[in-house]
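Undergrad: When you get a sec, could you give me coordinates for this:
(one chain, ligands or ions: 1)
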Amino acid sequence: MQIPRCLLYCFIASCAYAQESLDPSSPYLSGNYQIYYCTTYSVHISQLLQSIWHTIAEALEHLEAMGPEGTPLYNSFFHKADPNKIKGVLSRIAAGDNIAFQGSLQPPLIICDDPSVPAVARSWGHAACQHDPLAHALWGEGTHAVFLCQNYLRNKRVIPSEKQCVGWNRLSTGWLLGETQWTVLFHELVHLYLGVPNLVPEIRGIFEVQDLDSEDAVRNPPSYGFFLANMKAGCKKFRPKASLRAHGRKLSDNSTFDVDLIAQDHLIRNETARNCGDLCLWGVS
Ligand SMILES: [Zn+2]
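TA: As a prediction, this is how the structure comes out:
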């Protein structure tokens, strides 16, 4: 998607402004995570983080106990990938490790889109939320921040539930697991901690995600998102790899609906984020 040139300048200019104005004295702390400008949502976001950490602990146990043949859940999303790669990302998210940034280590930030705060109103995150009215959350490549749009805060689907699992009923494709607040936040944190270049473009449709080969799956945040959301929801059935293709169904049939509207984190990545360079500081010193 091409972003209008004026918007590009706005992004760049806004980064510098945000650096000056982000108030380092008032984050809401959740472990090592610093939550900014989320006002009454701060506690809620902190609870989502804690719930994610709890499920990560479960997932790490699952991976530890798993034999070389894997498990239906693991194989469904990661196939033959080395589980140590998945463990590394999950562990860093749960620990909230500091992130290398501009020559120092900085804590992970979660920033809510509150346009009444000048620093936020002029930031890359707010501009991106405005640019795509369907965007829910963004990761600022080159920063240590995740940005949550108003759409995210208004999303009524909060926690993955069993009713969203594949096979729960004839209408359930498992797709809804990817669009809860819980899953979207986790997805952005995977970006933050992946530590290797993620798959571009990222593959978001659940069936297409299941069809990725192992090497691509470990670089694709939605693969982690569906893996952990399935665990959180207690899903028991997993569609065999490529089963839809075998039936001649177009894999993208269900893949442009929910998550694509939600995890619009690539909106600014390719076109503008790299251009922000040193200006893109959400620095807390
Ligand atoms: Zn993403």
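Undergrad: I figured Asn198 was touching Pro222, is that so?
TA: No. The pair Asn198 / Pro222 is not scored as a contact, 9.9 Å apart, by Cβ atoms under 8 Å. Just so you know, the C-beta spots here come from the backbone N, C-alpha and C atoms, and that holds for glycine as well.
Undergrad: of those two, who's got more company?
TA: It is Pro222, of Asn198 and Pro222, that has more neighbours when counted by other Cβ atoms under 10 Å, with 27 against 21.
Undergrad: partner residues bridging Gln106?
TA: Beta bridges link Gln106 to Ile99 when assigned by DSSP bridges.
Undergrad: and it, how many neighbours?
TA: 19.
Undergrad: pretty sure it contacts His144?
TA: Yes. Contact between Gln106 and His144 holds when scored by Cβ under 8 Å: they sit 4.6 Å apart.
Undergrad: shared neighbours, these two?
TA: Residues touching both Gln106 and His144 (Cβ atoms under 8 Å, 6 or more residues apart in numbering) are 98-99.
Undergrad: So which bits of the helix ranked longest in the chain are buried?
TA: With secondary structure taken from DSSP state H, the chain has its longest helix at helix 42-65. Neighbour-count burial for helix 42-65 flags 42, 45-46, 48-49, 51-53, 55-56, 59-60, 62-63 (criterion: 16 or more other Cβ atoms under 10 Å).
Undergrad: What sits closest to Ala233 if chain neighbours are left out?
TA: Leaving out its chain neighbours, the residue that sits closest to Ala233 by Cβ to Cβ, 6 or more residues apart in numbering is Pro160, at 4.0 Å.
Undergrad: wait, isn't that neighbour in contact with Lys232?
TA: Yes. Between Pro160 and Lys232 there is a contact at 4.6 Å, judged by Cβ under 8 Å.
Undergrad: Give me the more crowded residue out of these two.
TA: Pro160 (30 against 24).
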